[in-house]
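Novice: No sequence on hand, only this structure:
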C-alpha cells in the first residue's frame with residue numbers, strides 16, 4: 001500500500017529543465033520495398049530510422065501494397081519510417097510481427113526514460129503517426145516518476161497521435177508516480193480515422209511509499225473522423241494533429257481540486273462536476289499525412305486534476321481512500337458505446353477478480369481498504385468507444401480492475417482490427 005503520511009521532505013534534483021521532442025512514424029510496406037527491415041537501426045541517442053534503409057520516402061509513386069478484405073485495409077507489411085529520440089525520450093524498437101487471427105502487421109516500440117524525471121520545467125513531446133492498415137504497440141520499460149525541481153513551471157508530457165484508416169494504436173505505458181512536491185501535467189491529443197482502433201491506458205500512483213503525493217493533472221482529447229471526405233477543403237484548418245489543444249486553464253491547473261470528465265461520473269457513483277465540452281462539434285483538418293481532409297467529431301474530452309493540497313482529496317467525494325487511479329479507453333468502428341450497456345461497474349477483492357455486476361457491490365475502496373482492492377466503471381461514450389475508470393489500493397489491483405472493465409465490452413466491438 002502506498003503511504004500518505006508526512007514522510008520525507010520532497011527531494012529536488014539539481015539539473016536544469018529539459019525540452020525534448022521524439023517522433024514515431026510507421027507505415028504500410030509499399031510494393032517493391034523491403035518487408036520490415038528490422039536490421040536497419042539508427043546510431044546514437046538522436047537518430048532516424050528509415051524503413052527501406054535508404055530514405056524516408058518511396059520513389060516512383062508506387063501505390064501501397066495493401067488489400068481490402070471485409071471492408072478493412074490489409075497491409076502487406078509494416079516499416080518504421082521515422083524513429084527519432086531526444087534525451088530523455090529514447091525510443092527503442094523491439095520487434096515486428098503479425099498477430100494470428102487479424103493479419104495486421106505490428107511494430108512494438110518501447111519508450112525509455114534516459115534521465116531522472118520529468119522534473120519541474122521539463123517540456124516533453126511525443127508525436128505518433130500510425131499509417132493505414134498497421135498497428136503500433138507503444139510501451140515503457142518502467143514506471144515514470146514525476147519529481148520536483150528548481151524551475152517554477154510544472155513539468156509537461158505532451159503526446160500527439162494520428163491513426164490512419166484501418167490502423168491501430170495500443171498505448172500501454174507503466175504507471176506515472178506523482179512524487180511529493182511535483183507539479184506534473186500529462187496531455188494527449190488523438191485523431192482516429194473512422195475505422196481505426198485505439199487502446200489507451202493511463203495509470204497514476206499518488207506518491208511513493210511513505211510520502212504524500214504531489215500534484216498531477218491529465219487531459220485526454222480524442223476525435224474520430226467521419227466516413228466521408230470533407231469536400232469543403234477551403235474550410236479545413238491546415239496543421240498537425242493536436243494543434244487545437246488548449247493548455248489546462250490556469251484555474252484548473254492551480255486548483256487541481258477534483259475530477260472533471262465529460263461523462264460526469266466517477267467509479268463507485270457520484271458526479272465529477274462540470275463537463276469539459278470545449279471543442280464540441282465538427283473539427284475540420286488537413287492531416288498532412290496524405291489523406292484527404294476529413295471532418296472529425298469529438299469522442300472524448302476528459303480532464304483529471306489531483307492536487308495534494310486540495311481539501312478532501314482522499315475523502316469519499318474524490319478518491320475514497322484509494323492511492324492509485326487509472327483509465328482505459330477502447331475505441332474502434334462500431335455503434336455508440338460499442339454496444340456496452342450503461343451502468344456496468346464492478347469491484348476487485350484481495351483474493352479474486354470480481355465480474356461486472358451492473359451495480360457497485362460491497363467491498364469497494366475505503367479509507368482503510370486492504371491491499372488488492374479496487375472498483376471500476378465501464379462507461380459507454382456518445383461515439384464508438386468505452387472509457388473504463390478505476391480506483392484501487394495498489395497498481396496490481398488497478399490493472400486487474402481495468403482488465404475486468406475491458407472484458408465487459410462486447411467481444412466483437414472490443415476486438416482489435
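Specialist: Received it, and whenever you're ready, just let me know what you need. Given the structure is predicted, the values throughout are model-derived calculations rather than measurements.

Novice: Contacts only, for the nearest residue to residue 182 once chain neighbours are set aside.
Specialist: Ranked by C-beta to C-beta, 6 or more residues apart in numbering and with sequence neighbours excluded, the top spatial neighbour of residue 182 is residue 214, at 3.4 Å. In short, each C-beta sits where N, CA and C put it, glycine included. Counting by C-beta atoms under 8 Å, 6 or more residues apart in numbering, residue 214 touches 10, 146, 148, 178-184, 207, 308.

Novice: what do you get for residue 15?
Specialist: Contacts of residue 15 (C-beta under 8 Å, 6+ apart): 115-116, 119, 149.

Novice: Show the pLDDT at it.
Specialist: Residue 15 carries a pLDDT value of 70.

Novice: what's the distance between it and residue 158?
Specialist: As for residue 15, its distance to residue 158 is 20 Å (criterion: C-beta to C-beta, to the nearest Å).

Novice: Identify the residue nearest residue 312 in space, chain neighbours excluded?
Specialist: In space, residue 312 is closest to residue 318, 6.1 Å off (C-beta to C-beta, 6+ apart).

Novice: tally of neighbours for that neighbour?
Specialist: Using other C-beta atoms under 10 Å, residue 318 is surrounded by 21 other residues.

Novice: Now it, what are its backbone angles?
Specialist: Phi and psi for residue 318, reported as degrees, to the nearest 10, are phi -120, psi -80.

Novice: hang on, it packs against residue 307?
Specialist: No: assessed by C-beta atoms under 8 Å, residue 318 is found out of contact with residue 307, at 10.3 Å.

Novice: for the helix ranked longest in the chain, packing partners?
Specialist: Of all segments of type helix in the chain, defined using DSSP state H, the longest is helix 395-407. Helices and strands touching helix 395-407, by 3 or more C-beta pairs under 8 Å, 6 or more residues apart in numbering; DSSP states H and E, are strand 197-206, strand 324-331, strand 344-348, strand 374-380, strand 385-392.

Novice: after the first one, next one along is what?
Specialist: Right, strand 197-206. strand 215-225 (DSSP states H and E).

Novice: and the longest helix of the chain, which residues are buried?
Specialist: 395, 397-402, 404-406 (16 or more other C-beta atoms under 10 Å).

Novice: Now compare those and name the two farthest from each other.
Specialist: 395 and 406 (16.4 Å; C-beta to C-beta).

Novice: check contacts around residue 203.
Specialist: 173-176, 324-326, 395, 398-399, 402.

Novice: Of those, which is the nearest to residue 332?
Specialist: Of all the contacts of residue 203, residue 402 has the smallest distance to residue 332: 17.0 Å, by C-beta to C-beta.

Novice: Just to check, that closest one is in contact with residue 386?
Specialist: No: with contact defined as C-beta under 8 Å, residue 402 does not reach residue 386; the gap is 11.5 Å.

Novice: List the contacts of residue 376.
Specialist: Contact analysis of residue 376 by C-beta under 8 Å, 6+ apart lists 267, 345-348, 388-391, 401-402, 404-405.

Novice: Ok, residue 89 next?
Specialist: Taking C-beta under 8 Å, 6+ apart as the contact definition, residue 89 lies against 20-22, 111, 113-114, 124, 126.

Novice: Drop anything exposed from those.
Specialist: Of these, these count as buried by 16+ other C-beta under 10 Å: 20, 22, 111, 113, 124, 126.

Novice: Pick out the lowest-pLDDT one from those.
Specialist: Among these, residue 113 carries the lowest pLDDT, at 85.

Novice: Distance of it relative to residue 145?
Specialist: To residue 145, residue 113 is 9 Å away according to C-beta to C-beta.

Novice: and what of residue 193?
Specialist: 35 Å.

Novice: just residue 114 next, same as before
Specialist: As judged by C-beta to C-beta, residue 114 and residue 145 stand 14 Å apart.

Novice: same check, this time on residue 371
Specialist: Distance from residue 371 to residue 145, counting by C-beta to C-beta: 21 Å.

Novice: Neighbouring strands of the longest strand along the chain in the sheet, and parallel or not?
Specialist: When the chain is parsed with DSSP state E, its longest strand is strand 294-306. Looking at strand 294-306 with DSSP bridges, its partner strands are strand 215-225 (antiparallel), strand 257-261 (antiparallel), strand 283-286 (antiparallel).

Novice: Low-confidence stretches in the stretch 51-200 of the chain?
Specialist: The model of the stretch 51-200 of the chain has pLDDT under 70 over residues 51-76, 99-102.

Novice: Kindly recompute the last result at 50.
Specialist: Applying pLDDT under 50 to the stretch 51-200 of the chain flags the ranges 51-71.

Novice: quick one: the strands in it?
Specialist: Counting by DSSP state E, counting those that start in this stretch, the stretch 51-200 of the chain has strands at residues 66-69, 72-75, 78-84, 89-98, 105-113, 123-130, 135-140, 144-146, 155-163, 168-172, 176-178, 183-192, 197-206.

Novice: And the third one, what does it pack against?
Specialist: Helices and strands touching strand 78-84, as assessed by 3+ C-beta pairs under 8 Å, 6+ apart, comprise strand 19-28, strand 89-98, strand 105-113.

Novice: With respect to burial, which of the ones you listed scores highest?
Specialist: Sort the helices and strands packed on strand 78-84 by mean neighbour count, taking mean count of other C-beta atoms under 10 Å, and strand 19-28 sits at the top with a mean of 21.
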